[in-house]
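> Can you look at this prediction? I've put the sequence above it.
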Amino acid sequence: MSGTGAALRGHHAALREGLSELRARRDELSGRIRDEEAERGRLQARISSLSRRLSDTSECLAGLRSARAHIDRTIAEMDTASGQVLTASSAEGARSVQPGGDEETSQCAVSSRGDERHGSDLCCL
């Protein structure tokens, strides 16, 4: 029986050694899990912060694009009005040289039609 007892003690020692290694591995994994959970928390906080910044930036971009669109419309309107004034001026010049025409009446009529959209009478300023 002493051989059997020695064998049991050997198995018991191997079992304890195996359990000790498993516990050490578990502790190592627990430490890595804590580290990864901490990293996950930092990343979630960063994602939250970046999401707020993204939202703020998107809002800012929308405002800037709206302002640019307004300026684009203003530029287009001014270009159109400028073209109408030039057209009216050219027509006035052509009509003012026509013999027998009343220059003042002719100029007012052309100017009024040239800028009708804004309701201005350019000649009568």
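On my side now, so go ahead.
> Output the contacting helices and strands for the longest helix seen in the chain.
In the chain, taking DSSP state H as the definition, the longest helix is helix 2-96. Applying 3 or more Cβ pairs under 8 Å, 6 or more residues apart in numbering; DSSP states H and E, one finds that helix 2-96 makes contact with helix 103-114. (Glycine included, C-beta is placed from N, CA and C.)
> tell me the mean pLDDT over the helix it packs on?
Averaging pLDDT along helix 103-114 gives 41.
> got it, and stretch 10-24?
96.
> for the chain, which spans come out with low pLDDT?
1, 93-125 (pLDDT under 70).
> Mind doing that once more with 90?
1-7, 83-125 (pLDDT under 90).
> For residue 85, grab the count of nearby residues.
For residue 85, the neighbour count with other Cβ atoms under 10 Å is 15.
> Likewise for residue 92?
Neighbour tally, residue 92, other Cβ under 10 Å: 20.
> Distance of it relative to residue 69?
Remark: distance between residue 92 and residue 69 (Cβ to Cβ, to the nearest Å) = 34 Å.
> hang on, the earlier thing: relative to the whole chain's centre, how far out is the longest helix of the chain?
For helix 2-96, the separation from the chain centroid amounts to 14 Å (computed by Cα atoms, centre = their mean, to the nearest Å).
> now the residue nearest the centre of the chain: how far from residue 64?
Central residue of the chain (Cα atoms, centre = their mean): residue 58, 3.5 Å from the mean position. Plainly put, residue 58 is 11 Å away from residue 64 if you go by Cβ to Cβ.
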